[in-house]
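Asks: next one to model:
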Amino acid sequence: MTHSNKEYNHTMRIDALQAFVAVAELGSFQAAGQRLHLSQPAVSKRLAALETRLGHRLFDRVGRGVGLTEAGRAYLPHARETLAALADGDRALDNLADRVEGTLALAISHHVGLHRMPEVLRAFVARYPHVTPEIEFADSEAACQRVVNGEAELAVITLPVAAHPTLLARTIWHDPLAIYAGIEHPLARRESVTFADLSDYAAVLPPRDSYTYHIIDRALAAEGTTLQTRMTSHYLETLRMLADIGLGWTVLPRAMPHALVPLALPSLDMHRELGVMRHPQRNPSNAARALLAMLEAAAASPD
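Replies: So this is what the prediction gives:
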């Protein structure tokens with residue numbers, strides 16, 4: 001095989017991996033084609049070539065939908081890691097120029113994006129006008145996975161309570177939490193509230209698999225409170241609204257503006273850490289390094 005043929009085959013394999021990951025994530029050949037700016041037949045052709053090369057069918061095609069086969073599920077993390085390694089190599093070469101430019105893929109949780117990042121990002125885009133931030137708003141858990149997959153360089157989120165198995169965390173903001181209820185809620189009209197009282201009423205809280213729920217559950221379980229969760233949402237603004245209309249008490253950051261009634265529980269010390277997650281084995285771009293430096297400066301400044 002000539003050098004040019006080897007180069008061609010490597011290029012085709014990378015293109016096929018990109019098509020495979022896109023279809024796996026989007027569940028559609030058509031949507032994958034739109035992401036990659038390809039026709040649907042072109043995506044199908046690249047996947048067929050990859051399946052032939054691997055000797056395994058990667059997708060089950062049922063009607064208009066597609067789902068990963070067992071082989072596809074086994075191969076997906078390796079495909080993502082390969083694409084992430086290629087992007088890492090490109091960043092290492094780009095960094096040699098010592099310029100802060102290009103795209104910067106970020107995954108930001110909704111609350112952090114609304115209440116903590118605007119000032120940082122405003123200063124960042126003013127200082128580095130040749131950087132194009134590509135921001136995806138995601139739940140903290142999904143944002144971490146985007147960094148693991150190589151789809152984002154940094155995640156700025158609610159940090160997990162336990163150390164992440166792959167990523168490094170850096171706390172930027174300390175975020176005290178408190179318990180609140182709408183003004184018409186029975187607990188809001190009491191002069192004093194106990195932890196046992198909380199068990200008697202439904203709550204509106206983040207989903208059970210979220211980092212914030214784990215913080216709430218651990219803090220209240222230590223006080224003997226049994227949670228009765230009526231509704232859940234990752235969006236704290238939604239929880240604020242649900243509490244305001246009387247569907248349950250809730251837990252919100254003390255710094256978050258609202259018209260709810262705080263329930264005084266002096267012995268409760270409940271807080272979460274907000275910060276940035278990055279992959280320790282990948283080269284951050286110059287743009288990512290610049291944003292990390294600005295986040296470090298924010299961490300050093302008083303709230």
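
Asks: grab the nearest non-local neighbour of residue 71.
Replies: residue 56 (3.8 Å; C-beta to C-beta, 6 or more residues apart in numbering). C-beta here means a position set from N, CA and C on the backbone, and glycine is covered the same way.

Asks: three-state assignment of that neighbour?
Replies: Following DSSP: H, G, I helix; E, B strand; the rest coil, we place residue 56 in the coil state.

Asks: OK, contacts around it?
Replies: Residues near residue 56 by C-beta atoms under 8 Å, 6 or more residues apart in numbering: 69, 71, 72, 75.

Asks: do I have it right that the first one meets residue 61?
Replies: So the one you mean is residue 69. No - Residue 69 is not in contact with residue 61 according to C-beta atoms under 8 Å; the separation is 10.1 Å.

Asks: ok, these two, which is more surrounded?
Replies: Neighbours per residue, other C-beta atoms under 10 Å: of residue 69 and residue 61, the larger number sits with residue 69, 15 against 11.

Asks: can you say which of the contacts of residue 56 are buried?
Replies: Buried by 16 or more other C-beta atoms under 10 Å: 72, 75, out of the contacts of residue 56.

Asks: and which of the contacts of residue 56 is nearest to residue 27?
Replies: Distances from residue 27 to the contacts of residue 56, taken as C-beta to C-beta, are shortest for residue 72 (11.8 Å).

Asks: helix, strand or coil: sort out the closest one for me.
Replies: Per three-state DSSP, the local secondary structure of residue 72 is helix.

Asks: and what of residue 60?
Replies: strand.

Asks: what is the burial count for it?
Replies: 12.

Asks: not counting sequence-adjacent ones, nearest residue to residue 99?
Replies: Leaving aside its chain neighbours, residue 99 sits nearest to residue 286 (6.5 Å; criterion: C-beta to C-beta, 6+ apart).
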